[in-house]
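J.: Got a sequence here, can you build the structure:
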Amino acid sequence: MAEQVGVELAGFWPRLAAQVLDAAWMLPLGLILVMTGEALRGEEGLSPGSDILLQLISALIILLFWVTRQATPGKQLMRLRVVDAETGGTPPWPRLVARYLGYILSSIPLGLGYLWMIWDPRRQCWHDRIARTLVVQDPPPGR
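T.: Numbering: from 1, shown residues only. As a prediction, this is how the structure comes out:
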């Protein structure tokens, strides 16, 4: 797929920028959910159940973006898309779930799984390899 004419694999810096942009919009959402939970319980901080629920809501939001748009808002702003490594289309949702869970593996050894793309010929992080996905850079509008 990456050998197709006009397909450019996303580099480290655009992918990092997309992650920062996604954190910028997810953080306020998380804070709203935390404050709502505290107000309902009358206690400060997250209970273990609330923390798990917050993580599930975040995962579902990200997966929904990947399934419907092939990108989170941060990736969209950076003109990046998550594609099936073989077909270039939208990966099947079970593989997108595997990709999301792969984020955990990518982050455990001091983020080595994210940095792996620097050395990988297809610029895949560990979670991309697990899910057989690529992140591609779309050309600027009008090109």
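J.: who does the helix or strand of the chain with the lowest mean pLDDT touch, helix- and strand-wise?
T.: One helix or strand of the chain scores below all others by mean pLDDT, DSSP states H and E: helix 12-41, with a mean of 85. Helix 12-41 is packed against helix 48-69, helix 73-77, strand 80-84, with contacts defined by 3 or more Cβ pairs under 8 Å, 6 or more residues apart in numbering; DSSP states H and E. (C-beta placed from N, C-alpha, C; glycine too.)
J.: in the protein, what spans have low per-residue confidence?
T.: Scanning the chain for pLDDT under 70 picks out the ranges 1-6, 37-47, 143.
J.: What count of nearby residues applies to Arg129?
T.: Per other Cβ atoms under 10 Å, the neighbour tally for Arg129 reads 19.
J.: Same check on Pro48?
T.: Counted with other Cβ under 10 Å, Pro48 comes out at 7.
J.: And for the one 4 residues further on?
T.: The burial count assigned to Ile52 is 11, neighbours taken as other Cβ under 10 Å.
J.: my read: Gln70 touches Thr90, true?
T.: Yes. With contacts counted by Cβ atoms under 8 Å, Gln70 reaches Thr90, the gap being 5.6 Å.
J.: Between these two, tell me which one has more neighbours.
T.: A side-by-side neighbour count of Gln70 and Thr90, using other Cβ under 10 Å, places Gln70 first with 22 against 18.
J.: Nearest residue to the more buried one in space, please, no chain neighbours.
T.: Among residues not flanking Gln70 along the chain, Arg81 sits closest, at 4.2 Å (Cβ to Cβ, 6 or more residues apart in numbering).
J.: circling back to that earlier point, most neighbours per residue, which of the helices and strands packed on helix 12-41?
T.: Highest mean neighbour count among the helices and strands packed on helix 12-41 (mean count of other Cβ atoms under 10 Å): strand 80-84, with a mean of 21.
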